[in-house]
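**Student:** Quick one, fold the following:
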Amino acid sequence: MTFAELYGGSPSAHGEAPGRVNLIGEHTDYNGGFVLPAAIPRRTLVDLAPRHDRLVRVWSAQFPDHDPIEYRLGEEKRRGDWVDYVQGLTWVLASDGLRAGFDARIESTVPLGSGLSSSAALEISLGRALRSAFHLQLDDVTLAVRGRRVETDFVGAPIGIMDQMACSLADTTSALFLDTRSLTYSRVPLPPASALIVIDSGITHRHAGGEYAVRREECAQAAALLDVKELRDVSADELDRVNALPEPLNRRARHVVTENARVLETVKALTAGDLAAAGQLFLESHASMRDDFEVSIPPIDALVEVARGVQGVYGVRLTGGGFGGSIVALAERTNASRAAADIVQAYNRANRSSAHVLVP
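**Tutor:** The predicted model follows:
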């Protein structure tokens, strides 16, 4: 349905944001470490019109059979569905001067539960529309910080800052090298001969609660035993100390410490155009996520194994929080589309699965 069909008028503000794929640097963001995401050519779009009362009406094209959902500013309550990200943002932005309600129409090509930050894309795109409509004094970094608060303080997902920063700042031609402690960042151009392949396994995941929260607590325990503020403060030269921790904290910390080092090495490899080296780092990252951090699952491991054997693929790994979601592969640009199709065809045939290509 169009905005006019929903609300009987026209929108006066617009916001959009991309989904993201994390090239490398998984579960490092909430440990104060380094990440290397990039935007993908799938976006969330928000059309919005301010109201003169405190009523919020919001509709998503991903649920076309539903009527607009309504609530009032100041009366936000968790529902356990996608509207919580809208409610959470209006709840957070009250401190930035959001006083009036609005009508909003949301449309997105970022798939839900695929590890590509559909929730962050919604938060940033809606935040941009609200910033425009109500003249809120929020730059893109501040908006990312507010988006993270939506998830940690309202939705109850103990995430780091990477997703919101990536959806707010990343583009599709470079990777965003982000220090999640200081929020300083730089752009690392992707080599012209390379392309990214993103494949949705068809297995959805959730951040709120569950094993994701367990991993975060295990990292905090490991940091306490190592007498550091965050695992970011442990270098790869100190792996003897890490390995001496009790199980499974030793392996959890080892993943974070070595993953931070892999991010730095991947930046060097991409800058030098060394795709083979970057691909090998992808593979090492996946092995660490599988064995040390234990956030991969057998169907994802099988998809990675299929992908790494396809011609033109330099390296591949699980991307996102884990327990489902998507894989990302670094590939030759000239062969990327064919390689992606071959991966999906071979995997689905062998596993009776419904994996599909998202990028390219």
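**Student:** For stretch 96-106, C-alpha coordinates in CSV please.
**Tutor:** Provided in CSV are the C-alpha atoms of stretch 96-106 (Å, rounded to 0.1, in the frame of the first residue of the first chain):
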residue,chain,number,x,y,z
ASP,A,96,16.8,14.6,22.0
GLY,A,97,13.6,16.5,21.7
LEU,A,98,11.1,14.2,20.0
ARG,A,99,7.8,15.4,21.2
ALA,A,100,5.3,14.8,18.4
GLY,A,101,4.0,11.7,16.8
PHE,A,102,4.1,10.7,13.1
ASP,A,103,2.8,8.4,10.4
ALA,A,104,5.4,6.1,8.8
ARG,A,105,5.6,3.6,6.0
ILE,A,106,8.6,1.2,6.0
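**Student:** Quick check: mean pLDDT of it?
**Tutor:** The average pLDDT for stretch 96-106 rounds to 98.
**Student:** Check stretch 57-66 too.
**Tutor:** 95.
**Student:** do stretch 198-215 as well
**Tutor:** For stretch 198-215, the per-residue pLDDT averages 81.
**Student:** State the next helix or strand along the chain beyond whichever strand in the chain runs longest.
**Tutor:** Counting by DSSP state E, the longest strand found in the chain is strand 34-50. Note on strand 34-50: by DSSP states H and E, the next helix or strand toward the C-terminus is strand 55-60.
**Student:** Skip the chain neighbours and tell me the closest residue to residue 241.
**Tutor:** residue 226 (6.2 Å; Cβ to Cβ, 6 or more residues apart in numbering). In short, each C-beta sits where N, CA and C put it, glycine included.
**Student:** Correction: the previous question concerned residue 115.
**Tutor:** residue 320 (2.3 Å).
**Student:** Can you list the buried residues in the longest strand of the chain?
**Tutor:** 34-40, 42-49 (16 or more other Cβ atoms under 10 Å).
**Student:** Likewise for stretch 136-147?
**Tutor:** 136, 138, 140, 141, 143, 144, 145, 146, 147.
**Student:** Could you do stretch 246-253 as well?
**Tutor:** Quick answer for stretch 246-253 (16+ other Cβ under 10 Å): 248, 249, 250, 251, 252, 253.
**Student:** quick one: contacts of it?
**Tutor:** The contact list for stretch 246-253 (Cβ atoms under 8 Å, 6 or more residues apart in numbering) reads 215, 218-219, 221-223, 225-226, 231, 234, 242-245, 291-294.
**Student:** Just the ones of these in strands?
**Tutor:** Going by DSSP E, the strands hold none of those.
**Student:** hmm, which of those residues are the buried ones?
**Tutor:** 215, 218-219, 222-223, 225-226, 231, 234, 242, 245, 292-294.
**Student:** Among the residues you listed, name the ones in helices.
**Tutor:** 215, 218, 219, 222, 223, 225, 242 (DSSP state H).
**Student:** Which of the residues you listed sits closest to residue 345?
**Tutor:** residue 215 (33.0 Å; Cβ to Cβ).
**Student:** Could I get the contacting residues of the residue nearest to residue 97 when sequence neighbours are not counted?
**Tutor:** What sits nearest to residue 97 in space, not counting adjacent residues and going by Cβ to Cβ, 6+ apart, is residue 136, at 6.0 Å. Listed by Cβ under 8 Å, 6+ apart, the contact partners of residue 136 are 93, 96, 97, 98, 130.
**Student:** a helix runs through residue 136, doesn't it?
**Tutor:** No - judged by DSSP: H, G, I helix; E, B strand; the rest coil, residue 136 forms no part of a helix; its state is coil.
**Student:** Begin at 403, not 1, for the rest of this chat.
**Tutor:** OK, 403 is where the count begins now, so the last one is residue 538.
**Student:** any idea how far residue 492 is from it?
**Tutor:** 12 Å (Cβ to Cβ, to the nearest Å).
**Student:** quick one, strands of the stretch 603-752 of the chain?
**Tutor:** Ranges of strands in the stretch 603-752 of the chain, per DSSP state E, counting those that start in this stretch, are 715-721, 727-734.
**Student:** Residue 458 is nearest to which of the ones you listed?
**Tutor:** Closest approach to residue 458 among the strands of the stretch 603-752 of the chain (Cβ to Cβ): strand 727-734, 29.9 Å.
**Student:** Can you name every helix or strand that the closest one contacts?
**Tutor:** In terms of contacts (3 or more Cβ pairs under 8 Å, 6 or more residues apart in numbering; DSSP states H and E), strand 727-734 is packed against strand 415-426, strand 596-605, helix 677-693, helix 700-710, strand 715-721, helix 738-753.
**Student:** Take these and write them to TSV, including distance to residue 566.
**Tutor:** Below are the helices and strands packed on strand 727-734 laid out as TSV (distance: least, Cβ to Cβ, whole Å):
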stretch	distance to residue 566
strand 415-426	9
strand 596-605	19
helix 677-693	22
helix 700-710	24
strand 715-721	16
helix 738-753	28
